[in-house]
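Enquirer: quick one: sequence and predicted model below, then my questions.
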Amino acid sequence: MTTPAETALPNAELLGAAETPFQQVWRTFRKDRLAMAGLYVLIALIALALVGKLLTEWWVVFDPTTVRLPDKLRPPFSHASSALAADQVPPLGVYPFGTDELGRNVFARVLQGSFVSLSVGIVAVSISLVIGVTIGGVAGFYGKRKLGPFGIDSLLMRFTDIVLCFPTFFLILTVVALLPPSIYNIMAVIGMTSWMGTARFVRAEFLSLRERDFVLAAQALGLSEGRIIFRHLVPNAMAPVLVSASIDVAYAILTESGLSFLGFGVRPPFATWGNILADGRNYIFDAPWLFAIPGCAILMVVLAFNLVGEGLRDAMNPRLRKRAS
Amino acid sequence: MWRFLLRTLWQRLWLLVFISIISHAVIHLAPGQPTEVDPMNPMMKAADIARIRQAFHLDDPFYLQYWHWLGDLLSGELKSFRDGLPVLPKIWDRFKNSLPLFLSTTLIVWTLSFPTGIHAAVTRGSRYDRATTFLAYALISVPGFFLSYMLILAMVQIFHMPVIGLRTFGSEGSPWHLQVMDRLWHLVIPSLMAALTGIAVLSRYVRSQMLEVIDQDYVRTARAKGLDEDTVVYGHALRNALLPFVTMFGFLVPGLISGSVIFEQIFAWPGLGQLGYEAILSRDFPMILTLNFIAAVLTLLGILVSDVLYALVDPRIRVE
Amino acid sequence: MPSPLLSIRDLRVDFDTDAGTVPAVRGVDLEVEAGQTVALVGESGSGKSVTALSVMRLMSGRVSGGRIDFRGKDLASLSEPEMRRVRGGQIGMIFQEPMTSLNPVFKVGRQIEEVLALHQQLGPAAARAQALELLERVGIPSPEARLDQYPHELSGGMKQRVMIAIAIACRPALLIADEPTTALDVTIQAQIMVLLRTLQRELGMAVLLITHDLGVVAHFAERVNVMYAGKIVEHGSVRDIFKRPAHPYTRALLGALPDPSVRAQRLEAIPGRVPSPAQLPAGCAFCARCKHAFEPCPDRLPPLFEVEAGHRAACWLHDAAPRGSC
């Protein structure tokens, strides 16, 4: 029988409250102010993205595509000139983020871009999660079995190691440049090159979970392997996957903006933040807001995802729940 | 220990083989013929195209192409599509330019990350810790090119530091020590920019490793002996915390190369990254293929070095 | 009468957690005379490790009251450098987990020599010779070779012997042993305890033995302190406690020991659980699980009543303690 380490503090169980693991994690997460700030930003972003898509494409209030040559390169909060036709005037006659070199409403473009950037991030990471969980899960669960002369685990892990050796961004750039330009290609390629971290986490979790008693009990009950994997192991292994997912979305958005910066990202007239940044690069001395605004937007969103991911990781790590005193 | 090393060497060699196969496969799975749309040369005639296709064995089946590529590569005969010149000398040339950048970036990253990470771990919860944590997150989240341009604006206008290229135009005639200083001066901003994300990530990792080690029982034993805190942290804890970092060496390489694609564009640095970018723009298949392969090979070398270092440093492996 | 080597008076230790301040130790009095073996017994969570670590000032909780005197000096008044001289030099400590208590990247010899160099300023050659002698003393075979080995090359029992060697290297007046045998096999347990007793006699050391194993206590300790939920509920000589346990908790603990001479006995488990430190009743903490609880128990905290000379118990029923039965 072990004595609790002198630095281990009583957690909720000892304190008599009965909490689900989710509530425990949430309670710890809430204490982390940075993480909560990130969460609020994310919620705002998702709302903004959805509303933005609505307001820029269907029920057009902010129009990202209208070209207004008389109003080129206007700074933020400037008013529309009187030389505009009636249907070209922005709402309230103001450009909140100024205009770009073609007179387009930067605010509208940033708004439209939010949906695209976010969806690229989420779809890409979903793809990588599916691949990663599958590979990691199979490696972790069926590890010792052999396929020919090689163990499944070593085969899959060797494969993962190989892919890790490649410079990811360069690889993505290569494939994206060679394929026909399309947003779906980008999502797919990013997804197919960022599954390695997830695979490792899932494999590690499965390896340790597999030996646990509840798995033995399930097997003793005669449950099929598939059922054991999906209904018992996967939910338990989700914790590091969630953390990884959040951070991967951040990385995907950064990658997409990098691709756009080099000219291989989502093509016009779609606006992504990376696009706007790339266009703005040329006017950096004359119209710095063209560059600064989308850059800051990317920074904020990526930071939010990272903070939430790290907050989740801290909240889910039992050892880190004790405070230094 | 030797058995361990031999075993890893053998495994890495197999990795090499598979890497070459996958490199080759990736390029050829992409649709679009290399001679279809060549933005560099709109005047290519059909006869030229046919000639190129024949010279580069493009009509052969997939595995034969692999074989040809491998053969050409190893004999140094592999030629670029763009100008028919051999691929390897070009890569080597650009590599020589990129190497100082890689080295100085790595140096900056590793020398700055450890002190910050360790200090943050030791003073956990303090203002220093919280400030550096936030800064690290911000640096990880900022798009590298964004920060670079913002900094270029500042540096050029305030400090007049060089941000373009390897050296000052026309400086080849100057005495060698001035040339060396000039090149070092040009190295500063690009490597600093490239290093920032690395510092952020690595120092966080150092911090978390130190935190984990500081909680270990043997650290408590060290304190119970009456050792002072500095000896406990830097003598006992750090030595254990450093072990995993030895293994990270190899995996730094892909990051450096990937990063170089963007950073060399921004700073007009004629290195591997730019070479790759130009190759992609002109659909120069052999070049792209070889670059990917070489990058992976460099990584593999780095991993091998890590394996050796790890075997030397961890007594649990050394004394088996 | 000379003052005791170690004297803990009304020690109170709190931990600050997310959910408020939790009292882990709630007023503990404990004494160890020079050369004596004193046991501190209790379940997990009773606060016994926290008490021990407080003596060494190695604990992350907050001492909120009481004092700890060693050789007549209040340990809390010592500066940190002075305290460091006490640690390892005058008070040695061994811990429960030998597998993880030694630094894996340093050789065994170096880890022993370190403490010798620190407190006795021995040079490398002298330290190595001393380390060799210490390894012999703690019964490690082929000590010369062991000095240059790494911890992972030693078994659990041997690692614990090395820990003991480190702890006694500077001939401390007091050795604190926090569950030294809990993580070891039963046969090794006996060996380690015998070693401790031998060393104690040879060095004239006092030993504060923290354990939950009453069998070990019976064989090796002279005095026993029984701890429950942060307080000492009974203390006395081993003989008195085992023959005439006065507190229901002590009696229950002894009752839970199987007696090989009795056939087909029912093992008495103590119903209920140790109360969480955050939810302690105002009165006796054992009240909820006590067979004999009656009216004053939940509300009034019983002080330590004297059952006989040198034997005290904190129970309102102490008068009614029948001899030998429960």
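Expert: Looks like it came in fine.

Enquirer: what sits against residue B:273?
Expert: B:98, B:257, B:259, B:260, B:261, B:262, B:263, B:264, B:265 (C-beta atoms under 8 Å, 6 or more residues apart in numbering or on different chains). Quick note: C-beta positions are derived from backbone N, CA and C, even for glycine.

Enquirer: filter these by proximity to chain A?
Expert: B:257, B:259, B:261, B:262, B:265 (C-beta under 8 Å from any C-beta of the partner chain).

Enquirer: top of those by neighbour count?
Expert: Within those, neighbour counts (other C-beta atoms under 10 Å in any protein chain shown) peak at residue B:257, which reaches 27 neighbours.

Enquirer: would you mind measuring from that residue to residue B:120?
Expert: Distance check for residue B:257 against residue B:120: by C-beta to C-beta, to the nearest Å, it reads 29 Å.

Enquirer: residue A:258 now?
Expert: The span separating residue A:258 from residue B:120 equals 28 Å under the rule C-beta to C-beta.

Enquirer: do the same with residue C:136
Expert: Going from residue C:136 to residue B:120 by C-beta to C-beta gives 44 Å.

Enquirer: close to chain C: what parts of chain B are there?
Expert: B:216-218, B:220-228, B:236, B:239-240, B:243, B:314-316, B:319.

Enquirer: out of the residues you listed, which sit inside strands?
Expert: Using DSSP state E to define strands, no part of the residues of chain B next to chain C is located there.

Enquirer: show me which of the residues you listed are buried.
Expert: B:216-218, B:220-227, B:236, B:240, B:243, B:314-315 (16 or more other C-beta atoms under 10 Å in any protein chain shown).

Enquirer: as JSON lines, the ones next to chain A among the contacts of residue B:273 with pLDDT and secondary structure would be great.
Expert: Shown next, in JSON lines, are the ones next to chain A among the contacts of residue B:273 (pLDDT from 0 to 100; DSSP: H, G, I helix; E, B strand; the rest coil):
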{"residue": "B:257", "pLDDT": "83", "secondary structure": "helix"}
{"residue": "B:259", "pLDDT": "83", "secondary structure": "helix"}
{"residue": "B:261", "pLDDT": "85", "secondary structure": "helix"}
{"residue": "B:262", "pLDDT": "85", "secondary structure": "helix"}
{"residue": "B:265", "pLDDT": "83", "secondary structure": "helix"}
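
Enquirer: in a markdown table, list these along with distance to residue B:205.
Expert: Listed next are the ones next to chain A among the contacts of residue B:273 as a markdown table, based on distance: C-beta to C-beta, whole Å:
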| residue | distance to residue B:205 |
| --- | --- |
| B:257 | 20 |
| B:259 | 17 |
| B:261 | 24 |
| B:262 | 23 |
| B:265 | 28 |
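
Enquirer: which one of those sits closest to residue C:23?
Expert: Residue C:23 has its nearest neighbour among the ones next to chain A among the contacts of residue B:273 in residue B:259, at 53.6 Å by C-beta to C-beta.

Enquirer: where does pLDDT dip in the chain?
Expert: The chain I'm using is chain A. A:1-19, A:86-87, A:225, A:228-229, A:269, A:318-325 (pLDDT under 70).

Enquirer: I was after chain C.
Expert: Low-confidence regions of chain C, defined here as pLDDT under 70, cover residues C:1-2, C:257-258, C:264-268, C:319-326.

Enquirer: nearest residue to the middle of it?
Expert: Among the residues of chain C, the one closest to the centroid is residue C:210, at 2.0 Å (C-alpha atoms, centre = their mean).

Enquirer: tell me which residue of chain B lies closest to chain C.
Expert: Closest contact between chain B and chain C, by C-beta to the nearest C-beta, is at residue B:226 (3.5 Å).

Enquirer: list the contacts for that residue?
Expert: Residues counted as contacts of residue B:226 (C-beta under 8 Å, 6+ apart) are C:84, C:85, C:86, C:87, C:88, C:89, C:115, C:118, C:119.

Enquirer: of those, closest to chain A?
Expert: Among the contacts of residue B:226, and counting by C-beta to the nearest C-beta, the member closest to chain A is residue C:87, at 15.1 Å.

Enquirer: so who does the closest one touch?
Expert: Counting by C-beta under 8 Å, 6+ apart, residue C:87 makes contact with B:223, B:224, B:225, B:226, C:56, C:57, C:58, C:93.

Enquirer: of those, closest to chain A?
Expert: Minimum distance to chain A across those is 7.7 Å, recorded for residue C:58 (C-beta to the nearest C-beta).

Enquirer: burial measure for the closest one, as a count.
Expert: Neighbour count of residue C:58, defined by other C-beta under 10 Å: 16.

Enquirer: and what of the one 10 residues further on?
Expert: Counted by other C-beta under 10 Å, the residues lying close to residue C:68 total 21.

Enquirer: confirm it sits in a strand?
Expert: Yes - counting by DSSP: H, G, I helix; E, B strand; the rest coil, residue C:68 is located in a strand.

Enquirer: surely it meets residue C:56?
Expert: No - counting by C-beta atoms under 8 Å, residue C:56 is not a contact partner of residue C:68; they are 9.6 Å apart.

Enquirer: next, the residue of chain B closest to chain C: phi, psi?
Expert: Per-residue torsions, residue B:226: phi 100, psi 10 (degrees, to the nearest 10).

Enquirer: quick one, what contacts the residue in chain C sticking out farthest from the centre?
Expert: Here chain C reaches farthest from its C-alpha mean at residue C:125, the gap being 34.5 Å by C-alpha atoms, centre = their mean. By C-beta under 8 Å, 6+ apart, no residues touch residue C:125.

Enquirer: stretch A:289-299: which residues count as buried?
Expert: Going by neighbour count (16+ other C-beta under 10 Å), the buried part of stretch A:289-299 is A:289, A:290, A:291, A:292, A:293, A:294, A:295, A:297, A:298, A:299.

Enquirer: could you say which helix or strand holds the last one?
Expert: The secondary structure element spanning residue A:299 is helix A:288-316 (assigned by DSSP states H and E).
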